[in-house]
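> attaching a predicted model along with its sequence, questions to come.
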Amino acid sequence: MAALVDEVTVRIAQIQDLPALVALLQDDVLGRGREQTDDLTPYEVAWDEMQLDPNTEMLVLDLAGRVVGMATLTYSRQLAQQGLRRCTVESVRVASDLRGQGLGQALIQSCLDMARARGCGLVQLSSSNSRSDAHRFYQRLGFEASHTGFKLYL
């Protein structure tokens, strides 16, 4: 396990990574039903907008030139908790053929390091109720299931 983690590089995503990022999003029980790779135009539009936002970063795990993991970080400040700066981590994925080898932990550790570097006092994330394996993974890393989230698609 340690050997594979030692071979991976965590870096900021680049536009040429986009097809691999979409494939990672699709390589998932939930993603198979909501992501598509036939037309990358909507993803390119989102990419362009995200690149203009100084409070958004996307990390990738690079294994010998193959993108094998990803996470999106969004930094914000709220009035609550005395203006605590927080980082929201979303779209965490590791290639299905490489899960269970420590890559997800390396990715989350990099997210935490980036959040600390930005002065964040809290890192939060959400995970679908159907992802019990992911919940155990996050709890093992010290995250607490402290809230119930709600969504309303418009």
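Cool, got the structure.

> in this protein, which spans are helices?
Ranges of helices in the chain, per DSSP state H, are 2-7, 18-26, 29-34, 41-52, 80-83, 103-117, 132-140.

> of these, which is nearest residue 59?
helix 103-117 (5.9 Å; C-beta to C-beta). Where C-beta positions appear, they are placed from N, C-alpha and C, glycine not excepted.

> mind checking how far that closest one is from the chain centre?
10 Å (C-alpha atoms, centre = their mean, to the nearest Å).

> quick revisit: as a markdown table, the helices of the chain with mean neighbour count, mean pLDDT and distance to residue 151 would be great.
Below are these laid out as a markdown table (neighbours: other C-beta atoms under 10 Å; pLDDT from 0 to 100; distance: least, C-beta to C-beta, whole Å):
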| stretch | mean neighbour count | mean pLDDT | distance to residue 151 |
| --- | --- | --- | --- |
| helix 2-7 | 11 | 79 | 33 |
| helix 18-26 | 18 | 95 | 17 |
| helix 29-34 | 11 | 77 | 13 |
| helix 41-52 | 12 | 96 | 18 |
| helix 80-83 | 9 | 92 | 20 |
| helix 103-117 | 18 | 97 | 22 |
| helix 132-140 | 13 | 92 | 17 |
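
> tabulate those helices (JSON lines), appending distance to residue 92.
Shown next, in JSON lines, are those (distance: least, C-beta to C-beta, whole Å):
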{"stretch": "helix 2-7", "distance to residue 92": "16"}
{"stretch": "helix 18-26", "distance to residue 92": "10"}
{"stretch": "helix 29-34", "distance to residue 92": "12"}
{"stretch": "helix 41-52", "distance to residue 92": "16"}
{"stretch": "helix 80-83", "distance to residue 92": "24"}
{"stretch": "helix 103-117", "distance to residue 92": "7"}
{"stretch": "helix 132-140", "distance to residue 92": "8"}
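
> out of those helices, nearest to residue 69?
Of the helices of the chain, nearest to residue 69 by C-beta to C-beta is helix 103-117, at 5.0 Å.

> for the helices of the chain, which one sits closest to residue 125?
Closest approach to residue 125 among those (C-beta to C-beta): helix 132-140, 6.9 Å.

> return the distance of the closest one from the chain's centre.
Relative to its chain's centre, helix 132-140 lies at 14 Å (C-alpha atoms, centre = their mean).
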